[in-house]
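Participant: one predicted model, sequence on top.
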Amino acid sequence: MDLAQFDWTLYWFMFPISICVATTAMLSGIGGAAIFAPIFMIVFPIMGPEYPFESIAAAIGVALFTEFFGFSSGFVGYLRKRLIDFKSAMPFIMVGVPVGIVGAILLNELNEYEELLRGSYALLMLLLSFELIRHHDPVQELPLEPEGESVGATVVRPTRTIVGRDGVEYSFKAPRQGKGVIATTTGGFLTGLLGVGIGEVVMPQLAKRNKVPIPVAAATSVFIVIVVVASASFTQISALIAQGGINAVPWNAVVYTIPAVIIGGQIGPHLQGKVAPRTMEKSIGILFLIIGFAMGWIAFRNTFLM
């Protein structure tokens, strides 16, 4: 590694930004890469020719790589609070990891089709934004997925109990994916391909479809995201290094983002419950809407106007 080729002060501003991104990700359960990737792909090119990464694959790969460390830090925070339901996480992980790796491999194969990737990213952001902004009537939430022993015509699912470190007890029916396996498969694949997906589909399945309490759902979602993101990000980073050498990874950016997300990953769990979930959902939805339109415009401009 030729460290001398990097300007180690270039991305200093990413340190405070990354703390905020990681804190938001921990509170909402979404993937931090959903915010990091647009910063790398939209904001950096505006700032000047010295800032943009070499490729979209590099931007998404570094975003996921950074997200892994942030969620790992948040995982430790939630682990200390004893809010993670490991048993419920395993079905999601078994589906998400293989398809996440496939998506990461496909990203590197499609790296030369940058506008296609930008357009796909824009569409995904817009779809997610509409889903997050749309009002969900608690009475009309997704139906519970049945699981467990049948008693007459009624399917009884076993009750699971998580007791937090603060002594608060959370009881809920054991969650399962059911028809949601399609969403998990899609989310895992898109995480590998575009850096967004698994956190955005797992959290709704736990909290809305299975009615897992928000603190437990957020903590369990973080654990699932860590494992899926680790498989996808290390596949992407390995591909970048294989194609362009160790210097293909912008280490001068990573040196600021990784320590910052570790800090933010510790702040998020401590703020859990202090921000209304609906307020967080709408805020993230509006942000995704802006990102979607911005990314879509860039793809359209580069394809048809340049």
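Facilitator: Sure, I can see it.
Participant: going forward, measure contacts and count neighbours with C-alpha atoms only.
Facilitator: OK.
Participant: ok, which stretches of this structure are strands?
Facilitator: When assigned using DSSP state E, the strands of the chain occupy the ranges 149-151, 154-156, 159-163, 169-173.
Participant: rank these by mean pLDDT and give me the bottom one.
Facilitator: For the strands of the chain, the weakest mean pLDDT is recorded on strand 149-151, namely a mean of 47.
Participant: got any ranges where the protein has weak pLDDT?
Facilitator: Low-confidence segments of the chain (pLDDT under 70): 1-3, 29, 135-157, 177-180, 272-273.
Participant: longest helix of it?
Facilitator: Criterion DSSP state H: the longest helix present in the chain is helix 214-244.
Participant: so how far is residue 204 from the residue nearest to residue 170 when sequence neighbours are not counted?
Facilitator: In this structure, residue 170 finds its nearest non-sequential neighbour in residue 162, 5.1 Å apart by C-alpha to C-alpha, 6 or more residues apart in numbering. Residue 162 sits 19 Å away from residue 204, going by C-alpha to C-alpha, to the nearest Å.
Participant: do you know how far the residue lying closest to residue 239 once chain neighbours are set aside is from residue 102?
Facilitator: Nearest residue to residue 239, sequence neighbours excluded (C-alpha to C-alpha, 6+ apart): residue 108, at 7.1 Å. Distance of residue 108 to residue 102, computed by C-alpha to C-alpha: 10 Å.
Participant: out of residue 162 and residue 204, which sits in the busier spot?
Facilitator: Using other C-alpha atoms under 10 Å, the more surrounded residue of residue 162 and residue 204 is residue 204, with 21 against 17.
Participant: so how far is residue 210 from the residue nearest to residue 239?
Facilitator: Noted for residue 108: a distance of 35 Å to residue 210, by C-alpha to C-alpha.
Participant: can you check residue 93 too?
Facilitator: For residue 93, the distance to residue 210 - C-alpha to C-alpha - is 17 Å.
Participant: more neighbours: which of those two?
Facilitator: When residue 93 and residue 210 are compared for neighbours, residue 210 comes out ahead with 22 against 19, by other C-alpha under 10 Å.
Participant: what sits against residue 260?
Facilitator: Counting by C-alpha atoms under 8 Å, 6 or more residues apart in numbering, residue 260 touches 15-16, 18-19, 22, 70.
Participant: tally of neighbours for residue 258?
Facilitator: Counted with other C-alpha under 10 Å, residue 258 comes out at 23.
Participant: could you find the closest non-adjacent residue to it?
Facilitator: Of all residues not flanking residue 258 in the chain, residue 66 sits nearest, at 5.5 Å (C-alpha to C-alpha, 6+ apart).
Participant: in the stretch 1-150 of the chain, which spans are helices?
Facilitator: Taking DSSP state H, counting those that start in this stretch, the helices of the stretch 1-150 of the chain run over residues 14-28, 33-38, 44-47, 56-81, 86-109, 114-133.
Participant: run the chain-centre distance for the fifth one.
Facilitator: When C-alpha coordinates are averaged (C-alpha atoms, centre = their mean, to the nearest Å), helix 86-109 and its chain have centres 12 Å apart.
Participant: stretch 244-254 now?
Facilitator: The chain centre lies 22 Å from the centre of stretch 244-254; the measure is C-alpha atoms, centre = their mean.
Participant: what residues does it touch?
Facilitator: The contact list for stretch 244-254 (C-alpha under 8 Å, 6+ apart) reads 1-2, 6-12, 14, 53-54, 58, 62, 66, 237, 240-241.
Participant: list the contacts of residue 34.
Facilitator: 63, 195-196.
Participant: from these, pick the one nearest residue 167.
Facilitator: For those, the closest approach to residue 167 (C-alpha to C-alpha) belongs to residue 196, at 34.0 Å.
Participant: where's the residue nearest to that closest one when sequence neighbours are not counted relative to residue 125, distance?
Facilitator: Counting by C-alpha to C-alpha, 6+ apart, residue 196 lies nearest to residue 34, which is 5.3 Å off, once chain neighbours are set aside. Distance, residue 34 to residue 125, by C-alpha to C-alpha: 8 Å.
Participant: and for residue 168?
Facilitator: Using C-alpha to C-alpha, we find residue 168 at a distance of 35 Å from residue 125.
Participant: who's more crowded, the two?
Facilitator: Using other C-alpha under 10 Å as the criterion, residue 168 and residue 125 rank with residue 125 on top: 25 against 9.
Participant: so that one makes contact with residue 287?
Facilitator: No - using C-alpha atoms under 8 Å, residue 125 makes no contact with residue 287, being 9.1 Å away.
Participant: coming back round to it: dump the residue contacts of the residue nearest to residue 258.
Facilitator: Applying C-alpha under 8 Å, 6+ apart to residue 66 gives the contacts 33, 254, 257-258, 261.
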